[in-house]
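> Got a predicted model here, sequence first, then my questions.
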Amino acid sequence: MKLLGSTTSPYVRKVRLVLLEKSIPHEYVIDPLQQPGSQVLQVNPLGRIPALILDDGFCVFDSTVIADYVDSLSDSQILIPRHDAAARLRVKRWEALADGIMDSAIMVRIESIRSPEKQDAAIIELHNTAISKALAFAAELLDAQTWCEGDAVTLADLALVSALLYLDLRQADRDWRGSHKNLATWFEHISARRSVVISREG
């Protein structure tokens, strides 16, 4: 299978982390949407990344759908609980929280790169406030736990670390570590995982 994406997309990183944690053989192709001949524009009707092309040519799109599909491919390192509905719900809620942070950070990024006279300060404030509230919620929920859910890595951890890495990239002046010491400790722990190290190398 082939994963189409970019080095900066937090959604692509989340999917890459799932593939790496599951040890699923795949080819990672950096495929900028703005480049002529982009494969994504040919295989995904939404024209978005990530896009996962299966060996038979079938294209899976949307990071939540891809992550769910990839996790179902093997029983090694199950990342989304399968037999505990409550645990599955908690993991998926973590994913939604992390994706929401990504969504808002991208909205802030889009608005911030407009020329000053075209920027909407209200939109920037709205989404920055959402990020702050989501980080506080995550820190309280995590408390002193090693993992977001249960006693091993899950999709919850992979989604959250993807969101935090994107904040480091696009909002380097946001001191989320200083505001949430437990998140910082958790981040350092999960950042040492082989999958995260590989994803940060490009």
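On my side now, so go ahead.
> Tell me the spacing between the residue in the chain sticking out farthest from the centre and Leu126.
Relative to the centre of the chain, and counting by Cα atoms, centre = their mean, the farthest-placed residue is Glu117 at 31.3 Å. Distance, Glu117 to Leu126, by Cβ to Cβ, to the nearest Å: 19 Å. Yep, even glycine has a C-beta here, placed from its N, CA and C like the rest.
> what does Gly100 give?
In this view, Gly100 and Leu126 are 13 Å apart by Cβ to Cβ.
> These two: who's more crowded?
The neighbour count for Gly100 versus Leu126, taken as other Cβ atoms under 10 Å, is higher for Gly100 (17 against 14).
> What is the burial count for His189?
Neighbours of His189 using other Cβ under 10 Å come to 13.
> can I assume it sits in a helix?
Yes: using DSSP: H, G, I helix; E, B strand; the rest coil, the assignment for His189 is a helix.
> residues in contact with it?
Going by Cβ atoms under 8 Å, 6 or more residues apart in numbering, His189 touches Thr146.
> Return the distance of it relative to Arg48.
31 Å.
> hey, C-alpha coordinates of the worst-scoring helix or strand of the chain on mean pLDDT in PDB?
Across the helices and strands of the chain, mean pLDDT, DSSP states H and E gives its lowest value to helix 39-43, namely a mean of 94. The C-alpha trace of helix 39-43 is given here as PDB (Å, rounded to 0.1, in the frame of the first residue of the first chain):
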ATOM      1  CA  GLN A  39      -1.500  11.800  -7.200                       C
ATOM      2  CA  VAL A  40      -3.800  12.900  -4.400                       C
ATOM      3  CA  LEU A  41      -5.900  15.000  -6.800                       C
ATOM      4  CA  GLN A  42      -6.200  11.900  -9.100                       C
ATOM      5  CA  VAL A  43      -7.200   9.400  -6.400                       C
END
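> What residues of it count as buried?
For helix 39-43, the neighbour count (16 or more other Cβ atoms under 10 Å) marks Gln39, Val40, Leu41, Val43 as buried.
> can you put these in CSV and add distance to Glu95?
Output for the buried residues of helix 39-43, formatted as CSV (distance: Cβ to Cβ, whole Å):
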residue, distance to Glu95
Gln39, 26
Val40, 22
Leu41, 26
Val43, 24
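> Tell me who's in contact with the residue nearest to Ile101 when sequence neighbours are not counted.
Closest residue to Ile101 apart from its sequence neighbours, by Cβ to Cβ, 6 or more residues apart in numbering: Ala163 at 4.2 Å. By Cβ under 8 Å, 6+ apart, the contact set of Ala163 is Pro10, Ala98, Asp99, Ile101, Met102, Ala105.
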